[in-house]
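In: This is a predicted model, with the sequence first.
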Amino acid sequence: MKNLTVTVNGVAYQVTVEENTGAAPAAPAPAAAASAAAPAAPATPAVPAGAVTVTAPMPGNILDVKVKVGDKVKAGDTLLILEAMKMENEISAPQDGTVASVSAKKGDTVNSGDVLCSLN
């Protein structure tokens, strides 16, 4: 076992690393109380069953949300405006449908693959 200090985004974390000996891994030890500096995982947005999700193609900031739950949209209609690398990108509906959920709001920062909204 090796004790290491790993710094992520300026926050130092103490970690213990077990060297791989080729044997089956041992059951993980119960984690100590979580560090107050450790960021919480984002909540997974609720997406209705059978809905088509629209995800962020790249990291960026939501500049505007053009739809609300219940709106009817056609394929190609603009759902949201995502700013990435100082460019405004229109996030379009992949198909005709009704907006089932909107997970992003104006001012949110999103990562690639984050669910922005869903369509039925």
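Out: Thanks, I have it.

In: For Val52, see how far away the nearest residue to Lys66 once chain neighbours are set aside is.
Out: Nearest non-adjacent residue to Lys66, counting by Cβ to Cβ, 6 or more residues apart in numbering: Thr78, 5.2 Å away. Quick note: C-beta positions are derived from backbone N, CA and C, even for glycine. Using Cβ to Cβ, to the nearest Å, we find Thr78 at a distance of 16 Å from Val52.

In: before we move on, what about Asp96?
Out: Shown here: Asp96 relative to Val52, a distance of 10 Å by Cβ to Cβ.

In: which ones are touching the spatially most central residue of the chain?
Out: Nearest to the geometric centre of the chain sits Asp114, at 3.4 Å (Cα atoms, centre = their mean). Neighbouring residues of Asp114 by Cβ atoms under 8 Å, 6 or more residues apart in numbering: 42, 55-56, 103-104.

In: now those in JSON lines, with distance to Ala84 and neighbour count?
Out: Formatted as JSON lines, those follow (distance: Cβ to Cβ, whole Å; neighbours: other Cβ atoms under 10 Å):
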{"residue": "Pro42", "distance to Ala84": "18", "neighbour count": "9"}
{"residue": "Thr55", "distance to Ala84": "14", "neighbour count": "15"}
{"residue": "Ala56", "distance to Ala84": "9", "neighbour count": "22"}
{"residue": "Ser103", "distance to Ala84": "18", "neighbour count": "20"}
{"residue": "Ala104", "distance to Ala84": "13", "neighbour count": "22"}
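
In: What is the lowest-pLDDT residue among those?
Out: Ranked by pLDDT, the contacts of Asp114 bottom out at Pro42, which has 46.
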